[in-house]
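After the sequence you'll find the predicted model.
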Amino acid sequence: MANPNLTTGGIWRLNCGDQEIARLTVTGADMPWIHADVEELPGFEDFRPVFAEQERAVDKEDWERADACYTKIRGALTMTFPGGSPVAEFMLYIHDDGTAGWRWHDEPFDGVNQ
């Protein structure tokens with residue numbers, strides 16, 4: 001049985017506190033990664049620089065800087081599954097071209113955000 005969270009067209013939501021700041025519409029999956037188109041909502045603009053910095057750091061293989069961006073993102077943002085339940089852990093990349101890629105886990109990653 002297919003995982004309903006991976007269904008093309010499913011919408012994952014990115015939140016800052018109680019405010020939804022982006023909708024991620026699934027376009028495909030290449031496990032463990034999910035790919036989506038991003039619909040930016042009010043409040044997303046505050047995080048654009050962090051996602052851009054993260055992408056530059058990964059491109060330069062500056063893993064320390066990429067990890068620092070991940071920490072900022074996970075410290076400020078939460079994600080929900082298409083059904084509305086919270087995602088316990090995720091690693092999200094939002095690209096300048098309006099697409100996103102992420103992976104998730106049902107429990108927090110070891111040693112992170114605990």
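Ah, there it is.

For residue 95, which non-adjacent residue is spatially closest?
residue 55 (6.1 Å; Cβ to Cβ, 6 or more residues apart in numbering). Just so you know, the C-beta spots here come from the backbone N, C-alpha and C atoms, and that holds for glycine as well.

Identify the residues contacting the one you found.
93, 95-96 (Cβ atoms under 8 Å, 6 or more residues apart in numbering).

One more: residue 45?
Residue 45 neighbours (Cβ under 8 Å, 6+ apart): none.

can I assume it sits in a strand?
No - assigned with DSSP: H, G, I helix; E, B strand; the rest coil, residue 45 falls outside any strand and is helix.

What values do phi and psi take at residue 9?
phi 90, psi -10 (degrees, to the nearest 10).

Give the rounded mean pLDDT of stretch 50-57.
Mean pLDDT, stretch 50-57: 96.

For it, C-alpha coordinates in CSV please.
In CSV, the C-alpha atoms belonging to stretch 50-57 read as follows (Å, rounded to 0.1, in the frame of the first residue of the first chain):
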residue,chain,number,x,y,z
VAL,A,50,18.4,31.1,5.7
PHE,A,51,17.3,28.7,3.0
ALA,A,52,19.4,30.5,0.4
GLU,A,53,22.4,30.4,2.8
GLN,A,54,21.8,26.7,3.4
GLU,A,55,21.8,26.0,-0.4
ARG,A,56,25.0,28.0,-0.9
ALA,A,57,26.7,26.1,2.0
